[in-house]
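**Student:** no sequence for this one, just the structure:
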């Protein structure tokens, strides 16, 4: 006979623990782990949620196929208003895989992407003065829209983008409030902003489509391919669906990168010796005048370790929920069919059994001889794990290294606020730094950044 699943105390009769999930999700997950152990239940309105904690339980979570734990029923309600109907989670698994698969994420294509990202970063550098103050999240969000669109969709589409596209895309991603898992049409401010942003993005993409259709020889980027697909004499996809496909394509290259880029610099600025070490590494690597390239990016371990440690302390998704399609046995417990099942990378990454001084920013935990800390594939999970591990993981790491290979050689930086003022914003399931998130910058002398 199965042992009853441990349940978290508290939670209101009407909403359960939903309010805690919306406003302090990591605090909620800590309570579940502390009270219930490696598998515990909390309540989200009328739904039970089973949280798997610790490497052994998380391995059990990630090893299940879609026939057992499927992300579609849980994520579709949240993401449908963002991607649109008939896109990604709103289609069968085989079509979903085709929609999110892009050749740009293959290792062999990352070589050209490194150069494109460096070029886009140089273009953004040109928009800054010799000295000033910048909100890192705003800057990184705009930059990563350009890099992800140029690399994942194509240069012609990127050249059609304006700063408004970046702002609307940012608003769209902010519409991932936890209540959306159950009722994405709820009348809350985040969803009203999300819906206006989605409508405007469709208008902006429609303008690009009209321009393309007027061309005698339109470009053959991803947008061009989508426009060429026909069912008989009719276009296969409406502008709304095309917008959704483009948004979902950029999502993997954007939501991780903007927050990570912002936090990377701030964490290094909090420990100046670490920043000085990274800058010296970059100056030495590029002292011979070489360009940023895929090969060069493989030769900067201090920066790479700092990126990985940033992802450990600030994973971009607070949790990964799925739905149990069958009764699922784990040890002496049985998770009933229909239960939402989940794990939290943020919770896993602060586990002292896996990471020494887990709340300390320490990039050297990824360097020999200490790198065994990060080798457990079920403990370090910034990109998820198992068959649903993020397809863009390698792209995301490469993007961070390319961006900072340029920025740290062009500018010196300092914090614009006390170090403790910089914090994460957990008001949405896509975690972002809490704004304002500002730093001061000063352009370096050419001799120092050759």
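**Tutor:** Yep, it's here. Owing to the predicted nature of the structure, the values given are computational and were not obtained by experimental measurement.
**Student:** only C-alpha atoms from now on, for both contacts and neighbour counts.
**Tutor:** Will do.
**Student:** tell me the centre residue of this protein?
**Tutor:** Centroid-nearest residue in the chain: residue 256, 2.4 Å away (criterion: C-alpha atoms, centre = their mean).
**Student:** which residues of the stretch 351-450 of the chain score low on pLDDT?
**Tutor:** Residue ranges of the stretch 351-450 of the chain with pLDDT under 70: 447-450.
**Student:** an error on my part: the question was meant for the chain.
**Tutor:** For the chain, the stretches flagged by pLDDT under 70 are 1, 92-109, 252-253, 255, 447-450.
**Student:** so how far is the longest helix seen in it off the chain centroid?
**Tutor:** Longest helix in the chain by number of residues (criterion: DSSP state H): helix 239-270. On the basis of C-alpha atoms, centre = their mean, to the nearest Å, helix 239-270 sits 6 Å off its chain's mean C-alpha point.
**Student:** which helices and strands sit right next to whatever helix or strand comes next after that helix?
**Tutor:** Sequence order places helix 272-285 as the next helix or strand after helix 239-270, per DSSP states H and E. If you count contacts as 3 or more C-alpha pairs under 8 Å, 6 or more residues apart in numbering; DSSP states H and E, helix 272-285 packs onto helix 239-270, helix 301-313, helix 393-410.
**Student:** wait, which of these is closest to residue 202?
**Tutor:** helix 239-270 (5.7 Å; C-alpha to C-alpha).
**Student:** touching, the residue nearest to the centre of the chain and residue 318? I think so.
**Tutor:** No. With contact defined as C-alpha atoms under 8 Å, residue 256 does not count as touching residue 318 (11.6 Å).
**Student:** tell me the contacts of residue 195?
**Tutor:** Going by C-alpha atoms under 8 Å, 6 or more residues apart in numbering, residue 195 touches 81-82, 172.
**Student:** off-centre distance for stretch 7-27?
**Tutor:** For stretch 7-27, the distance to the chain centre is 24 Å (C-alpha atoms, centre = their mean).
**Student:** and it, how far apart are its ends?
**Tutor:** By C-alpha to C-alpha, to the nearest Å, the extent of stretch 7-27 from end to end equals 16 Å.
**Student:** and the strands in the stretch 101-250 of the chain?
**Tutor:** With strands called from DSSP state E, counting those that start in this stretch, the stretch 101-250 of the chain shows them at 131-135, 230-231, 234-235.
**Student:** nearest to residue 336 among the ones you listed would be which one?
**Tutor:** Closest among these, using C-alpha to C-alpha: strand 230-231, at 42.5 Å.
**Student:** what comes into contact with that closest one?
**Tutor:** Counting by C-alpha under 8 Å, 6+ apart, residue 236 sit against strand 230-231.
**Student:** distance of the residue nearest to the centre of the chain from residue 311?
**Tutor:** Computed as C-alpha to C-alpha, the residue 256 to residue 311 distance reads 9 Å.
**Student:** check contacts around the closest residue to residue 181 other than its chain neighbours.
**Tutor:** Counting by C-alpha to C-alpha, 6 or more residues apart in numbering, residue 181 lies nearest to residue 78, which is 4.8 Å off, once chain neighbours are set aside. Counting by C-alpha under 8 Å, 6+ apart, residue 78 touches 176, 178, 180-184.
**Student:** mark which of the residues you listed are buried, thanks.
**Tutor:** When the contacts of residue 78 are checked for burial by 16 or more other C-alpha atoms under 10 Å, the buried set is 176, 178, 180-182, 184.
**Student:** which of the residues you listed fall in helices?
**Tutor:** Among these, no residue falls in helices (DSSP H).
**Student:** from the residues you listed, pick the one nearest residue 290.
**Tutor:** Closest to residue 290 out of the buried ones among the contacts of residue 78 is residue 176 (41.4 Å), distances taken as C-alpha to C-alpha.
**Student:** quick one: that closest one and residue 431 touch, right?
**Tutor:** No. Assessed by C-alpha under 8 Å, residue 176 is found out of contact with residue 431, at 9.5 Å.
**Student:** buried sites along stretch 310-329?
**Tutor:** 310-325, 328.
**Student:** same deal with stretch 394-409?
**Tutor:** For stretch 394-409, by 16+ other C-alpha under 10 Å, it's 395-409.
**Student:** how about those residues, which pair is most distant?
**Tutor:** Once C-alpha to C-alpha is applied, those give 395 and 409 as the farthest pair, at 21.5 Å.
**Student:** ok, now which ones touch residue 202?
**Tutor:** 239-240, 243.
**Student:** one more time with 10 Å
**Tutor:** 208, 239-244, 247 (C-alpha atoms under 10 Å, 6 or more residues apart in numbering).
**Student:** out of those residues, which comes closest to residue 121?
**Tutor:** residue 247 (21.0 Å).
**Student:** tell me how far that closest one lies from residue 357.
**Tutor:** 38 Å.
**Student:** between these two, which is the more surrounded one?
**Tutor:** The neighbour count for residue 247 versus residue 357, taken as other C-alpha atoms under 10 Å, is higher for residue 247 (22 against 12).
**Student:** my read: that one touches residue 84, true?
**Tutor:** Yes. With contact defined as C-alpha atoms under 10 Å, residue 247 and residue 84 form a contacting pair (9.4 Å).
**Student:** mutual contacts of the two, please.
**Tutor:** 198, 241.
**Student:** am I right that residue 412 is in contact with residue 406?
**Tutor:** No. Using C-alpha under 10 Å, residue 412 is not in contact with residue 406, being 11.4 Å away.
**Student:** spell out the residue ranges of the strands in the stretch 351-450 of the chain.
**Tutor:** With DSSP E, counting those that start in this stretch, the ranges of strands along the stretch 351-450 of the chain come out as 411-415, 424-425, 432-433, 438-443.
**Student:** and those strands, which is most packed in?
**Tutor:** Stretch with highest mean neighbour count among the strands of the stretch 351-450 of the chain: strand 432-433 (a mean of 22; mean count of other C-alpha atoms under 10 Å).
**Student:** give the partner strands of that one in its sheet and their orientations.
**Tutor:** The strands beside strand 432-433 in its sheet (DSSP bridges) come out as strand 424-425 (antiparallel).
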